[in-house]
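[1] Structure for the following, please:
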Amino acid sequence: LVPITTMFLYNANVKQHHLTNEHSDSGQTILFFQETGPTMVGDEFSDPAIMNYLGARKTTMLGNNFSEYHVDEPPRLVLDKLEKLGYKVLTMTGVGQTLVWCLRKEASDL
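    Residues are numbered from 1 along each chain as shown. Have a look, this model is predicted:
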């Protein structure tokens with residue numbers, strides 16, 4: 001097994017749209033997501049160099065005993081930046097109105 005570095009992103013500001021494909025005989029429904037910022041990009045233990053590269057700010061919400069890093073950009077821009085660092089999307093899922101991406105980077109790329 002090759003060691004990997006994994007990173008998670010999530011974005012709770014998701015608008016879900018349903019479109020009917022009028023050019024299809026099957027009348028397929030096309031589902032797409034339009035995400036907006038801010039995007040949570042790390043926790044208090046995240047690599048400060050990566051957080052700096054993303055332009056993230058560290059915040060602690062009132063009542064929480066942990067910190068998170070956020071950026072104002074939508075996830076697609078954050079994913080583009082992380083791809084330049086060698087991260088690749090492993091999987092993505094929707095949880096309610098939240099989108100979560102899991103990324104990985106081979107240890108040989110570190």
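
[2] any weak-confidence spans in this protein?
    Low-confidence segments of the chain (pLDDT under 70): 1-35, 109-110.

[3] where do the helices sit along it?
    According to DSSP state H, the chain carries its helices in the segments 48-54, 75-84.

[4] and the shortest one, what does it pack onto?
    Under the contact criterion of 3 or more C-beta pairs under 8 Å, 6 or more residues apart in numbering; DSSP states H and E, the helices and strands touching helix 48-54 comprise strand 39-43, strand 68-71, helix 75-84. C-beta here means a position set from N, CA and C on the backbone, and glycine is covered the same way.

[5] Highest mean neighbour count across the ones you listed, which stretch is it?
    The highest mean neighbour count among these, using mean count of other C-beta atoms under 10 Å, belongs to strand 39-43: a mean of 21.

[6] relative to helix 75-84, how tilted is that strand?
    If you take axes from the mean of the first three to the mean of the last three C-alpha atoms, to 10 degrees, strand 39-43 sits at 50 degrees to helix 75-84.

[7] What is the burial count for Asn52?
    Applying other C-beta atoms under 10 Å, we find 10 residues neighbouring Asn52.

[8] Mind checking the helices of the chain for the one nearest to Val95?
    helix 75-84 (13.9 Å; C-beta to C-beta).

[9] With just CA atoms, put the closest one into CSV.
    Presented in CSV, the C-alpha positions along helix 75-84 are these (Å, rounded to 0.1, in the frame of the first residue of the first chain):
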residue,chain,number,x,y,z
PRO,A,75,-15.4,24.6,-4.1
ARG,A,76,-14.7,24.4,-7.8
LEU,A,77,-12.0,27.2,-7.4
VAL,A,78,-10.6,25.5,-4.3
LEU,A,79,-10.5,22.1,-6.1
ASP,A,80,-8.6,23.8,-9.1
LYS,A,81,-6.0,25.1,-6.7
LEU,A,82,-5.6,21.8,-4.9
GLU,A,83,-5.2,20.0,-8.2
LYS,A,84,-2.2,22.3,-8.9
